[in-house]
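# Predicted coordinates and the sequence they were generated for:
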Amino acid sequence: MKDMSLREQSIVLIGFMGVGKTTIGKAVAKKLYRDFIDIDEEIEKKFNMPPSEIFKEYGESVFRQTEKELIIDACKQKLKIISVGGGAFLQDEVREACLSDCIIFFLDLSWESWKERISLLIDSRPVLQGKNIDQIKELFENRQPIYKEHHSRVVTDDLPVEEVADYITASLKTAWDIYEPN
């Protein structure tokens with residue numbers, strides 16, 4: 001979207017499920033006085049049920065189609081902070097919309113750090129259901145290449161939410177000053 005200035009572009013947070021996209025996204029939104037959009041929450045509202053139920057009742061393809069439509073729509077909006085699901089970037093159209101219309105931050109968390117969070121995630125994430133630790137590690141590793149296309153990478157291991165949010169905010173402000181000085 002070339003008619004939108006860099007400062008107006010929405011910010012998209014990507015990364016594997018449970019890396020903190022929603023928590024960090026809310027903190028960044030607060031610091032930049034922007035609205036926060038959690039795509040998974042928007043899907044839940046649309047179906048009036050959690051993702052795990054949507055997967056069971058309608059299947060993953062319906063979930064992914066709805067996810068794609070919501071993300072493409074959100075990317076066209078100005079001044080938003082958008083958290084997309086861990087699997088959203090599996091879809092080329094989603095990746096292309098985010099790359100062309102938004103600024104993408106990849107929240108990169110190591111397997112070792114992520115594994116410590118598994119007990120908090122296992123029940124609410126449909127793609128983890130019925131998988132053992134080796135299968136989950138394989139999913140984690142298989143998803144890493146889809147996150148390679150981004151504008152900035154933030155390694156979040158052992159960093160508090162506020163520190164990551166401050167880093168993202170500061171790097172955005174620096175980029176804005178360099179590429180679009182007032």
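Yep, it's here. Values in this document were obtained by computation on a predicted structure and should not be read as measured data. Residues are numbered from 1 along each chain as shown.
# CA atoms only: put the lowest-mean-pLDDT helix or strand in the chain into PDB for me.
Sorted by mean pLDDT, DSSP states H and E, the helices and strands of the chain end with helix 118-121, the least confident at a mean of 79. Below are the C-alpha coordinates for helix 118-121, written out as PDB (Å, rounded to 0.1, in the frame of the first residue of the first chain):
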ATOM      1  CA  ILE A 118       4.200 -25.800  27.000                       C
ATOM      2  CA  SER A 119       2.100 -26.600  30.000                       C
ATOM      3  CA  LEU A 120       0.400 -23.200  29.600                       C
ATOM      4  CA  LEU A 121      -0.300 -23.700  25.900                       C
END
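# What's the first helix or strand after it?
As assigned by DSSP states H and E, the chain's next helix or strand after helix 118-121 is helix 133-143.
# Give me the contact list for that next one.
16, 86-87, 90, 111, 114-115, 118, 127-128, 131 (C-beta atoms under 8 Å, 6 or more residues apart in numbering). Yep, even glycine has a C-beta here, placed from its N, CA and C like the rest.
# Same check on stretch 159-176?
So stretch 159-176 is in contact with 6-7, 11, 20, 23-24, 27-28, 30-32, 103, 105, 107, 152, 154, 156, going by C-beta under 8 Å, 6+ apart.
# gap between that stretch and the chain center?
16 Å (C-alpha atoms, centre = their mean, to the nearest Å).
# Mind listing what's buried along that stretch?
By neighbour count with 16 or more other C-beta atoms under 10 Å, stretch 159-176 contains the buried residues 159, 164-165, 167-169, 172, 176.
# and what of stretch 13-28?
Here stretch 13-28 shows 13-22, 24-28 as buried, counting by 16+ other C-beta under 10 Å.
# where does it sit relative to the chain's centre, distance-wise?
6 Å.
# Where does pLDDT dip in this protein?
Along the chain, segments meeting pLDDT under 70 span 1-2.
# all strands for it, in order.
For the chain, the strands defined by DSSP state E cover 10-14, 35-38, 80-83, 102-108, 152-155.
# Who are the packing partners of the third one?
Which is strand 80-83. In terms of contacts (3 or more C-beta pairs under 8 Å, 6 or more residues apart in numbering; DSSP states H and E), strand 80-83 is packed against strand 10-14, helix 21-32, strand 35-38, helix 39-47, helix 60-75.
# any idea how far the closest residue in space to L79 that isn't next to it in sequence lies from G130?
Spatial nearest neighbour of L79, excluding adjacent residues (C-beta to C-beta, 6 or more residues apart in numbering): R34 at 5.0 Å. Look at R34 and G130: by C-beta to C-beta, to the nearest Å, they are 38 Å apart.
# now swap in A74 and tell me
A74 is 31 Å from G130, by C-beta to C-beta.
# Redo the strands of the chain as JSON lines? Include distance to S61.
Output for those, formatted as JSON lines (distance: least, C-beta to C-beta, whole Å):
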{"stretch": "strand 10-14", "distance to S61": "21"}
{"stretch": "strand 35-38", "distance to S61": "21"}
{"stretch": "strand 80-83", "distance to S61": "22"}
{"stretch": "strand 102-108", "distance to S61": "24"}
{"stretch": "strand 152-155", "distance to S61": "30"}
